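J.: Any chance you can model this:
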Amino acid sequence: MPWSVRLSMGFVALFVLFALFGQWLSPFDFRETSLLNRLEPPALFTGEDSPYLLGTDARGRDLLVRLAVGAQISLIVAVVGTLISAVFGSLLGLIAGARRGFAETAIMTAVDVQASLPIIIVALFVLAMFNNSFILLLIMIGFTDWEGYARLVRAATLSAKEQGYVTAQRVLGSSAARIYLRHVLPNIFNIILVKFTVSLPLTILLETALSFLGLGVQPPMTSLGQIMSEGRDRLLNAWWLTLFPGAMIFLLALSVSLIGDWLRDRLDPTLIEGRRA
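T.: Now for the predicted structure:
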């Protein structure tokens, strides 16, 4: 395993632990304000005797605990949103590859329409027109990349249909549902897994962009993108408000991308055969 992948896995593990338990590192609540302590610099770098290790924002809220909560919310949105895309797109791709005919034509037409839409513009329109809520945000993010899963799973299903184990199951009288759910889907799951790791960083960045524009996670909840948005007008005198959440987003997206590339190399059947040869 390359050292870059080891470091990436280590960072992802630390990010998850920080999201789950980071609130315990600070004595403050992430909504607790203190105008007397607004925009305090990080005590971790200044060496001052202050309880605010990573500084405070414009309302005097502790940045450390807000980063922990923001990481938690961003992680939930990214994982759940990507799971929605993966399940929905994979199911449609499996149906398109198994049924062919009208079902395949209708699904692939929907895929082409989805691929032609500027997702960020559609998300901005929907979230601006309707009552912005956490559930609506999850749904919007969840349906941004399903067409990629549909294309991949359809192609993999068409290839798997020609394999001997599928023919054997037909001869034995197995139903179509059993063949595709019990035999075809497990054999193409590695493709879905690799696509998931590739899509996850894009979902993280989409949530960050929406929150940065003020249409993502809404107060009193917070996310890394929202924290960055609050600090964008104070880059010179309060750099820590954008540096810390921005660095966390960048490193998380990079780490997941590196892990996804490694998984693709490990699980790609053509590359596996090449290594064996």
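J.: Send me stretch 219-233 as PDB with only the CA atoms.
T.: Provided in PDB are the C-alpha atoms of stretch 219-233 (Å, rounded to 0.1, in the frame of the first residue of the first chain):
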ATOM      1  CA  PRO A 219     -28.300  28.200  11.400                       C
ATOM      2  CA  PRO A 220     -28.300  27.200  14.100                       C
ATOM      3  CA  MET A 221     -26.700  24.200  12.500                       C
ATOM      4  CA  THR A 222     -23.300  24.700  10.900                       C
ATOM      5  CA  SER A 223     -21.000  23.100   8.400                       C
ATOM      6  CA  LEU A 224     -17.500  23.700   7.200                       C
ATOM      7  CA  GLY A 225     -18.700  25.600   4.100                       C
ATOM      8  CA  GLN A 226     -20.900  27.800   6.300                       C
ATOM      9  CA  ILE A 227     -17.900  28.600   8.600                       C
ATOM     10  CA  MET A 228     -15.800  29.600   5.600                       C
ATOM     11  CA  SER A 229     -18.700  31.800   4.300                       C
ATOM     12  CA  GLU A 230     -18.800  33.600   7.600                       C
ATOM     13  CA  GLY A 231     -15.100  34.400   7.400                       C
ATOM     14  CA  ARG A 232     -14.700  35.400   3.800                       C
ATOM     15  CA  ASP A 233     -15.000  39.100   4.600                       C
END
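J.: So what's the gap between it and the chain middle?
T.: A distance of 18 Å separates the centroid of the chain from that of stretch 219-233, by Cα atoms, centre = their mean, to the nearest Å.
J.: list the buried ones in that stretch?
T.: Residues of stretch 219-233 classed as buried: Met221, Thr222, Ser223, Leu224, Gly225, Gln226, Ile227, Met228, Ser229, Glu230, Gly231 (neighbour count, 16 or more other Cβ atoms under 10 Å). In this view, the C-beta of every residue, glycine as well, is placed from N, C-alpha and C.
J.: and the second one, helix, strand or coil?
T.: In this case it means Thr222. Using DSSP: H, G, I helix; E, B strand; the rest coil, the structure places Thr222 in coil.
J.: May I have the residues that are in contact with it?
T.: By Cβ atoms under 8 Å, 6 or more residues apart in numbering, the residues touching Thr222 are Phe30, Arg66, Val69, Gly70, Ile73.
J.: Which SSE is immediately downstream of the longest helix along the chain?
T.: Ranked by residue count under DSSP state H, the longest helix found in the chain is helix 63-99. Per DSSP states H and E, the first helix or strand lying C-terminal to helix 63-99 is helix 101-116.
J.: Now that following helix: average pLDDT?
T.: Across helix 101-116, the average pLDDT comes to 88.
J.: Remind me what that helix packs against, helices and strands.
T.: When contacts are defined as 3 or more Cβ pairs under 8 Å, 6 or more residues apart in numbering; DSSP states H and E, helix 101-116 sits against helix 63-99, helix 146-160.
J.: pull the CA atoms of that helix into CSV?
T.: Listed next in CSV are the C-alpha coordinates belonging to helix 101-116 (Å, rounded to 0.1, in the frame of the first residue of the first chain):
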residue,chain,number,x,y,z
GLY,A,101,-36.4,-2.3,-24.4
PHE,A,102,-38.6,0.6,-23.3
ALA,A,103,-37.3,0.6,-19.7
GLU,A,104,-33.8,1.0,-20.9
THR,A,105,-34.7,3.8,-23.3
ALA,A,106,-36.6,5.7,-20.7
ILE,A,107,-33.9,5.4,-18.0
MET,A,108,-31.1,6.3,-20.4
THR,A,109,-33.1,9.3,-21.7
ALA,A,110,-33.4,10.5,-18.1
VAL,A,111,-29.7,9.9,-17.6
ASP,A,112,-28.9,12.1,-20.6
VAL,A,113,-31.3,14.9,-19.4
GLN,A,114,-29.7,14.8,-15.9
ALA,A,115,-26.2,14.9,-17.4
SER,A,116,-27.0,18.0,-19.4
